[in-house]
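Asker: fold the following, please.
(one chain, ligands or ions: 1)
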Amino acid sequence: MKFSKEDIYKALETITAPGEGKSLVESKSIGNVVIFGNEVVVDVIISNPSLQAKKKVEVEIIKAIHDHVYQKIDVKVNVKVKVAEPEKKQQNVIKGKKIDGIQNIIAVASGKGGVGKSTITANLAITLSKMGFKVGVLDADVYGPSMPIMFDVADEKPIAVNVDGRSKMKPIENYGVKLLSLGFFTQPNQAVIWRGPMASKALNQLIFDADWGNLDFMLIDLPPGTGDIHLSIVQAVPITGAVIVSTPQNIALADAKKGVAMFEQKNISVPVLGIVENMSYFTPAELPDNKYYIFGKNGAKNLAEDLNTAFLGEVPLVQSIREGGDVGHPVALQNNTPLEDAFIHLTKNMVTQLVKRNDSLPPTEAVKITTMAGCSAVNK
Ligand SMILES: Nc1ncnc2c1ncn2[C@@H]1O[C@H](COP(=O)(O)OP(=O)(O)OP(=O)(O)O)[C@@H](O)[C@H]1O
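Answerer: Purely as a prediction, here's the structure:
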């Protein structure tokens, strides 16, 4: 049976592009169609990153070609996820005032709430500190600042110190990490309603009116979502790169994709260092060789591949991670355990991506951390 590209395109016209109300052809979702004898390869680009959406479009394409052209065609479908193309020139521009003494600022974000962004931030910070870096954490999660509990300093209050004739807030320090959080200034049972400008003013004070000293890394734990606060922070602070945390679950991945798109937007242009998959699988203590993929398998890994960003690593769903956070003793403080290893792996990958990013940045816009390349943490 002979058939042409036109026959294939006609068949593809019968399929509606998800969320577009037009056919795959009309919405320009078909990247390419190649025919090799009895084999047809279709490249399709969709905007929904979930595995279900990819599978659905693949099945529809195969069926349409079989129904409308010929039953026995061997159809191969390559599904790619559409990413908002960052403008090449803009990508390396770091916005905001440089903060003296702070070398690299990393925003940790998630699209969806409750995926473990704060847990990952706390453990990354502790791992960086164990590797010998000077680390600070700014808890900017205005909706639920949890860092004071995770660092076991919930009852502390930052004091004012005099720095060069100016009064500044002194971060609280524990586990080798300096910490400031909006949580230090609110009552634990008080529901504070922050308006965007008010929250960003408070956060600006925690950044610029604080005595952070010299830091290799400041990690900013952002609130979940892609809102007002994020915009205020990225405009005020020269963020070196963003780390996106997601679980492998479809709804979390869809939100993580929005998070990546937010940082890559033309007027934000914060380089995304990569994606961390949290709660990748569960292993019961009594069956240490079994892995249960409760939220789905490899979702964040696939998303990272689709979005052409680095996959930084996976962290399992483990009771001790939750307990460690709740009692103020994060698991990264452990020595010689699989969980310590997981966070070391994650942290090394993040630093490696950061070094790559800084290498490609003009020297005036980002302070290179390649001076720390001698540190065993850096995989160059
Ligand atoms: N890998 C994990 N294994 C077990 N529990 C986890 C893991 N990661 C996070 N948790 C637990 O899940 C809950 C939510 O985590 P966390 O507060 O870090 O999420 P978040 O994304 O920062 O939430 P928020 O939306 O409030 O910012 C916490 O109780 C935490 O201890």
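Asker: wait, what's in contact with the residue positioned nearest the centre of the chain?
Answerer: Among the residues of the chain, the one closest to the centroid is Ile244, at 0.6 Å (CA atoms, centre = their mean). Counting by CB atoms under 8 Å, 6 or more residues apart in numbering, Ile244 makes contact with Ala109, Ser110, Gly111, Ala256, Gly259, Val260, Phe263, Val272, Gly274, Ile275, Val276. The way it works is simple: take the backbone N, C-alpha and C, and place the C-beta from them, glycine included.
Asker: taking the residues you listed one by one, which sit in strands?
Answerer: Among the contacts of Ile244, the subset assigned to strands under DSSP state E consists of Ala109, Val272, Gly274, Ile275, Val276.
Asker: my read: Cys278 touches Gln249, true?
Answerer: Not Cys; residue 278 is Asn. No: counting by CB atoms under 8 Å, Asn278 does not reach Gln249; the two are 10.5 Å apart.
Asker: what about the strand or helix carrying Glu60, average pLDDT?
Answerer: Assigned by DSSP states H and E, Glu60 falls within helix 51-68. Taken as a whole, helix 51-68 has an average pLDDT of 90.
Asker: same for it, what does it pack against?
Answerer: Judged by 3 or more CB pairs under 8 Å, 6 or more residues apart in numbering; DSSP states H and E, the packing partners of helix 51-68 are helix 5-12, strand 39-46, strand 74-81.
Asker: which other residues reach the second one?
Answerer: The contact list for strand 39-46 (CB under 8 Å, 6+ apart) reads 8, 12, 17-18, 24, 29-35, 53-54, 57, 61, 65, 73-82.
Asker: distance check, Asp209 against the ligand.
Answerer: Asp209 sits 24 Å away from the ligand, going by CB to the nearest ligand atom, to the nearest Å.
Asker: residue contacts, that residue?
Answerer: Contacts of Asp209 (CB under 8 Å, 6+ apart): Lys168, Met169.
Asker: tell me the pLDDT of it.
Answerer: Note on Asp209: pLDDT of 87.
Asker: next one: Pro362
Answerer: For Pro362, pLDDT reads 49.
Asker: same check on Asp326?
Answerer: pLDDT, Asp326: 95.
Asker: what sits against it?
Answerer: By CB under 8 Å, 6+ apart, the neighbours of Asp326 are Ile149.
Asker: A helix includes Asn123, no?
Answerer: Yes: the assignment for Asn123 by DSSP: H, G, I helix; E, B strand; the rest coil puts it in a helix.
Asker: other SSEs contacting the longest helix anywhere in the chain?
Answerer: Identified as the longest helix of the chain according to DSSP state H is helix 338-360. Under the contact definition 3+ CB pairs under 8 Å, 6+ apart, helix 338-360 sits against strand 102-109, helix 117-130, strand 241-246, strand 272-282, strand 311-317.
Asker: output those as CSV; include the columns distance to the ligand and mean pLDDT.
Answerer: What follows is the helices and strands packed on helix 338-360, written out as CSV (distance: least, CB to the nearest ligand atom, whole Å; pLDDT from 0 to 100):
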stretch, distance to the ligand, mean pLDDT
strand 102-109, 9, 92
helix 117-130, 3, 97
strand 241-246, 7, 93
strand 272-282, 5, 94
strand 311-317, 4, 95
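Asker: from the ligand, how far off is Thr186?
Answerer: From Thr186 to the ligand the distance is 15 Å (CB to the nearest ligand atom).
Asker: for that residue, what are phi and psi?
Answerer: Per-residue torsions, Thr186: phi -120, psi 160 (degrees, to the nearest 10).
Asker: does Val142 touch Met198 like I think?
Answerer: No: here Val142 does not reach Met198: they are 9.2 Å apart, not a contact under CB under 8 Å.
Asker: neighbour-wise, which of those two wins?
Answerer: A count of neighbours by other CB atoms under 10 Å puts Val142 above the other of Val142 and Met198, at 24 against 12.
Asker: hang on, the more buried one in a strand?
Answerer: No: counting by three-state DSSP, Val142 is not found in a strand; it is coil.
Asker: what distance separates the helix or strand Asn162 falls within from the middle of the whole chain?
Answerer: Asn162 belongs to strand 160-163 when elements are defined using DSSP H and E. Remark: strand 160-163 is offset 35 Å from the chain centroid, using CA atoms, centre = their mean, to the nearest Å.
Asker: elements contacting the following helix or strand past that strand?
Answerer: Counting by DSSP H and E, the element after strand 160-163 in chain order, helix or strand, is strand 166-169. Counting contacts by 3+ CB pairs under 8 Å, 6+ apart, strand 166-169 packs against strand 160-163.
Asker: try it again at 10 Å.
Answerer: strand 160-163, helix 196-208 (3 or more CB pairs under 10 Å, 6 or more residues apart in numbering; DSSP states H and E).
Asker: can you give me the buried ones in whichever helix or strand comes after the longest one?
Answerer: So the one you mean is helix 196-208. As assigned by DSSP H and E, the chain's next helix or strand after helix 196-208 is strand 215-221. Buried residues in strand 215-221, counted by 16 or more other CB atoms under 10 Å: Leu215, Asp216, Phe217, Met218, Leu219, Ile220, Asp221.
Asker: again with stretch 6-20
Answerer: Within stretch 6-20, the residues that count as buried by 16+ other CB under 10 Å are Asp7, Ile8, Ala11, Leu12, Glu13, Ile15, Ala17, Pro18.
Asker: for the residue nearest to the second one when sequence neighbours are not counted, helix, strand, or coil?
Answerer: Spatial nearest neighbour of Ile8, excluding adjacent residues (CB to CB, 6 or more residues apart in numbering): Val33 at 5.1 Å. At Val33 the chain is in strand, as set by three-state DSSP.
Asker: tell me the contacts of Val33?
Answerer: Taking CB atoms under 10 Å, 6 or more residues apart in numbering, we find Val33 in contact with 4-9, 12, 25, 40-44, 65.
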